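[1] Structure for this input, please:
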Amino acid sequence: MTVSLRGTREVKDDYQLFRLTGLLDAFSEPTFRKVMTKCVEEGPKYLILDLSKIDFVDSSGLGALVQLAKKAQSVDGSIQIVTNPRVTQTVKLVRLEQFLALQPSVEVAIENVKKAGS
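    Next up, the predicted model:
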């Protein structure tokens, strides 16, 4: 990714877990979008983004998350976003909390993926 956004990718049988830190902003968004689109295409189609350690999300970052959610849906997948108070506040400000499936923990997100996949 970029200097302002770092992360790890863990691929399981039925989902991909991304743990991200730093800033999801106009600077990091192009690389984030490119990398995540490739990951959706490679599969598995269920994505969990752990944004609990993200310091900041701007409108570019939100746009990338919306595009990623749409991309996942286009391949019959979904996206679950584990959040923190700052990210939640930003997402709720633009009323995207339902669309982006905000979750309180990675464990809850994994349970949701398992239910969706069965």
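
[2] Before we go further, residue 116 is sitting in a strand, right?
    No: looking at residue 116 with DSSP: H, G, I helix; E, B strand; the rest coil, it is helix, so not inside a strand.

[3] Tell me which residues are up against the helix or strand residue 30 falls within.
    Per DSSP states H and E: residue 30 is located in helix 29-42. The set of residues external to helix 29-42 that reach it, using C-beta atoms under 8 Å, 6 or more residues apart in numbering, is 1-2, 5, 9, 16, 18, 24, 47, 60-61, 63-64, 67-68, 71-72, 75, 77. Every residue, glycine included, has its C-beta placed from N, CA and C.

[4] Tell me where the model's unsure across this structure.
    1-3 (pLDDT under 70).

[5] remind me, longest strand of it?
    Longest strand in the chain by number of residues, with DSSP state E as the criterion: strand 46-57.

[6] which helices and strands does the very next helix or strand once past that one pack with?
    Using DSSP H and E, the helix or strand that directly follows strand 46-57 along the chain is helix 59-74. For helix 59-74, the contact count by 3 or more C-beta pairs under 8 Å, 6 or more residues apart in numbering; DSSP states H and E identifies strand 16-24, helix 29-42, strand 46-57, strand 78-82 as packing neighbours.

[7] same thing but 7 Å
    Using 3 or more C-beta pairs under 7 Å, 6 or more residues apart in numbering; DSSP states H and E as the contact criterion, the elements in contact with helix 59-74 are helix 29-42, strand 78-82.
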